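A.B. asks: Test case, fold it:
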Amino acid sequence: MPKEMISLDIRVERGFLMGVELKRKRSEWSIEDSLAELAQLARTAGIEVVGQAYQRLDRIHPATYIGSGKVEELVMLQRELDYDVLLFDQDLSPRQQRELERALGQDVKVLDRTALILDIFAQHAHTREGALQVELAQYEYRLPRLTRAWTHLARQAGGRAGGSTGGVGLRGPGETQLEMDRQHIEDRIAQLKRELEAVHRHRELYRARRRRTPIPIVSIIGYTNAGKSTLLNAVSGSEVLVEDKLFATLDPTTRRVTLPEGMEALFTDTVGFIQKLPTQLVAAFHATLEEINEADLLLHIVDVTHPKAQAQCRAVEETLEEIGSDHIPVINALNKIDRFDDSEAAQSAVRAFPNSIAISARYGLGLRPLLERIEEILNRRWVPIAVHIPFSAGESVALFHRRGRVETESYDPTGTIISGWLPLQLVGRFQSYVVEEDKPSAPVGR
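C.D. replies: Below you'll find the predicted structure:
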C-alpha cells in the first residue's frame, strides 16, 4: 500500500460519568456541578463523554458504592452507548472497583476521580521532578489495586485467579507473580522517594541561595484553569503554556517582574488546585507545594465568571491550610472580568469578594492597580535592619537566614553582624540585637 494511503484509525475512548450524592452529607458543590467538573477533567484526559448519571444514597454500598439497581442500569447503558470507561466522581475502594469491572465486563475500565487526575498529571509533567512525583503518586494509588492486572488468569481458567476455581497450575503462579509485582512496586516506591529526597535537598540549596538575595517572592495560586499562567505571561512578558484545560500547567515556573515603583519580585506559577485534590498528589507534590510556603505574598487568581467561584475559593483555602500556607498574606485577583456583558453584572460579581481587584489577564485590564497593591504590601511587610547577634544565639542567625533576606554578613570576636530585611512580625525577636550602623536604606528588591 502506498505510504499516502496509510490511515491510522485511533478510537477516542468513550466515557460515562457516574456521581453519588449522600443525602446526609452537606456540600457546596451540587452533584450537577461536580459532574460538570468531572466532564471537563475527562475531556482534558482525551476522553469523549457520552453520558452521565447520578444516584442519591442514604449510605454507601460496601461492594459497589452504588445500589445494585443502578449497577444494572450502567450495564444496560454500556450496551446502548458502547462506552469504554466508567468515570466515578468519588474515590472507590479496590473492592468496589473490582466488583464494578466484573459487572460491566472485561472491555470496560472503571476509574475514579483520583485515577483520572493522576492520568492528567502524568500527561502534563514535563520536568524530571514532576515526572517522579506523578509516578510515585500513581504507584501508591495502584498498589492496593494490583489484582486487576491478573484477571486474565481467571478468564483463561474460567474461574477466580488464585482462588478455589482458578484451575490446576494457576493458583500458585498467579499468587507468586502477584507478590513479585507487589514487591517490585514497593521497591520502586522506595527508590522514587529516595530520588525525590535528593531533589528536595537540591531545592533547599536553591532556596537558601535565593534567601540571600533580597528579592521577595509572589506565589500565584488558584483553582485550576483560573488564568494563572495567562497572568504570569501578562506581567512578565514570558510565554508560559496557556490552554483552556484543567492542569495545563503542572511544573512550577518562576519569572522576575519589575513592579511600578521599581521593586523587583519573583513571581512563581504553581500547580492549580481542585476540589477533592487526591491525597496521593498532595503527598507526592509536597516539595513543589513547599514553594508556596516560601512566598512573601500569595496572589490568588479567581475566575470570577465561574458559577462556583466562591466554592472554588474555599477549596483553595482548604488546600493552603492543609500544606501550612494559610498564614501568608493573600491578594485576591478576580480574573476574566472582560467576559461580563454589562458593568452591573461585573460589579455584582466583584461585590461578592471584598478587598479584591478585578482584572483581565488576557487583555491587561486592572494589572497596574494589582501590581501597585502587590508592591505596597511587600514594602510594608519587610523592614530593613542591622543586627549584631552573639555567637551564643546561633539559632537567631539561622532564623534570619531562613525567614529574612541577608544583604551582608560579617563577624567580629563576639558575634555575627547581619544587614538585611526581616518580615515585620519577626522584628521584635531581634530587637535586642539591633545596631544603627550599616542598616540597609532601600526597601527590598529596589
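
A.B. asks: Strands of this structure, start to end?
C.D. replies: All strands of the chain, identified by DSSP state E, fall at 14-22, 48-57, 85-88, 109-112, 217-222, 253-258, 264-269, 297-303, 330-335, 356-358, 382-390, 405-412, 415-423.

A.B. asks: Parallel or antiparallel, list what pairs with the longest one.
C.D. replies: Looking at strand 48-57 with DSSP bridges, its paired strands and their directions are strand 14-22 (parallel).

A.B. asks: then the strand it pairs with to CSV, C-alphas only?
C.D. replies: Coordinates of each C-alpha in strand 14-22 appear next as CSV, following Å, rounded to 0.1, in the frame of the first residue of the first chain:
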residue,chain,number,x,y,z
ARG,A,14,-15.7,7.0,25.3
GLY,A,15,-16.5,7.7,28.9
PHE,A,16,-19.7,7.6,31.0
LEU,A,17,-19.8,9.7,34.2
MET,A,18,-21.3,8.4,37.5
GLY,A,19,-21.8,10.6,40.5
VAL,A,20,-23.2,10.0,44.0
GLU,A,21,-24.8,12.4,46.4
LEU,A,22,-25.1,11.3,50.0
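
A.B. asks: Same question for that strand: list its buried residues.
C.D. replies: For strand 14-22, the neighbour count (16 or more other C-beta atoms under 10 Å) marks 14-21 as buried. All C-beta spots, glycine's among them, are computed from the backbone N, C-alpha and C.

A.B. asks: Ok, stretch 291-298 next?
C.D. replies: 291-292, 294-298.

A.B. asks: For burial, what's the neighbour tally of residue 70?
C.D. replies: Residue 70 has 18 neighbouring residues, counting by other C-beta atoms under 10 Å.

A.B. asks: so it sits right up against residue 57, yeah?
C.D. replies: No - with contact defined as C-beta atoms under 8 Å, residue 70 does not reach residue 57; the gap is 9.1 Å.

A.B. asks: so the spatially closest residue to residue 385 that is not a sequence neighbour bridges to which residues?
C.D. replies: Computed as C-beta to C-beta, 6 or more residues apart in numbering, the closest residue to residue 385 that is not its neighbour in sequence is residue 422, at 5.4 Å. Beta-bridge partners of residue 422, counted by DSSP bridges, are residue 383.

A.B. asks: List the contacts of residue 422.
C.D. replies: 382-383, 385, 400, 403-405, 430 (C-beta atoms under 8 Å, 6 or more residues apart in numbering).

A.B. asks: Save these as JSON lines, and put in pLDDT, distance to residue 50 and neighbour count too.
C.D. replies: Output for these, formatted as JSON lines (pLDDT from 0 to 100; distance: C-beta to C-beta, whole Å; neighbours: other C-beta atoms under 10 Å):
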{"residue": "382", "pLDDT": "78", "distance to residue 50": "55", "neighbour count": "23"}
{"residue": "383", "pLDDT": "85", "distance to residue 50": "60", "neighbour count": "20"}
{"residue": "385", "pLDDT": "92", "distance to residue 50": "63", "neighbour count": "21"}
{"residue": "400", "pLDDT": "89", "distance to residue 50": "60", "neighbour count": "25"}
{"residue": "403", "pLDDT": "76", "distance to residue 50": "53", "neighbour count": "14"}
{"residue": "404", "pLDDT": "82", "distance to residue 50": "57", "neighbour count": "24"}
{"residue": "405", "pLDDT": "79", "distance to residue 50": "55", "neighbour count": "23"}
{"residue": "430", "pLDDT": "93", "distance to residue 50": "63", "neighbour count": "20"}
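
A.B. asks: Looking at the strands of the chain, spot the one closest to residue 371.
C.D. replies: Proximity to residue 371 (C-beta to C-beta) singles out strand 253-258 among the strands of the chain, at 7.7 Å.

A.B. asks: Note down every partner strand of that closest one and its orientation.
C.D. replies: By DSSP bridges, strand 253-258 pairs with strand 264-269 (antiparallel).

A.B. asks: what sits up against the strand it pairs with?
C.D. replies: 210, 215-220, 228-229, 232, 235-236, 240, 249, 252-259, 291, 295, 299, 374-375, 378, 445-446.

A.B. asks: Could you turn the buried ones of these into a PyMOL selection?
C.D. replies: Buried residues among the contacts of strand 264-269 (16+ other C-beta under 10 Å), as a PyMOL selection:
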select buried, resi 216+217+218+219+220+228+229+232+235+236+240+249+252+253+254+255+257+259+291+295+299+374+375+378+445
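
A.B. asks: Please name the residues that touch residue 193.
C.D. replies: So residue 193 contacts residue 136 (C-beta under 8 Å, 6+ apart).

A.B. asks: Helices along the stretch 51-200 of the chain, start to end?
C.D. replies: With DSSP state H, counting those that start in this stretch as the criterion, the stretch 51-200 of the chain has helices at 68-81, 94-104, 113-124, 128-142, 151-157, 171-211.

A.B. asks: so where's the stretch 201-350 of the chain uncertain?
C.D. replies: Scanning the stretch 201-350 of the chain for pLDDT under 70 picks out the ranges 207-214, 239-252, 284-288.

A.B. asks: ok, now with 80
C.D. replies: Applying pLDDT under 80 to the stretch 201-350 of the chain picks out residues 202-215, 238-253, 270-271, 276-291, 294.

A.B. asks: ok so, going back, could the contacts of residue 422 be laid out in a markdown table, adding distance to residue 133?
C.D. replies: Listed next are the contacts of residue 422 as a markdown table, based on distance: C-beta to C-beta, whole Å:
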| residue | distance to residue 133 |
| --- | --- |
| 382 | 32 |
| 383 | 36 |
| 385 | 37 |
| 400 | 31 |
| 403 | 26 |
| 404 | 30 |
| 405 | 29 |
| 430 | 37 |
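
A.B. asks: now, among those, which is nearest to residue 275?
C.D. replies: Within the contacts of residue 422, the smallest distance to residue 275 is 32.0 Å, found for residue 403 (C-beta to C-beta).

A.B. asks: any idea how far residue 369 is from that closest one?
C.D. replies: 29 Å (C-beta to C-beta, to the nearest Å).

A.B. asks: The buried residues of stretch 291-298: which two are farthest apart?
C.D. replies: Top of the distance list for these (C-beta to C-beta): 291 and 297, 13.2 Å.

A.B. asks: Now list whatever residues contact both of those two.
C.D. replies: Residues touching both residue 291 and residue 297 (C-beta under 8 Å, 6+ apart) are residue 219.

A.B. asks: show me what contacts the residue lying closest to residue 227 once chain neighbours are set aside?
C.D. replies: In space, residue 227 comes closest to residue 335 once its chain neighbours are excluded; the distance is 4.3 Å by C-beta to C-beta, 6+ apart. With contacts taken as C-beta under 8 Å, 6+ apart, residue 335 has the following neighbours: 226-227, 230-231, 301-304, 359-361.
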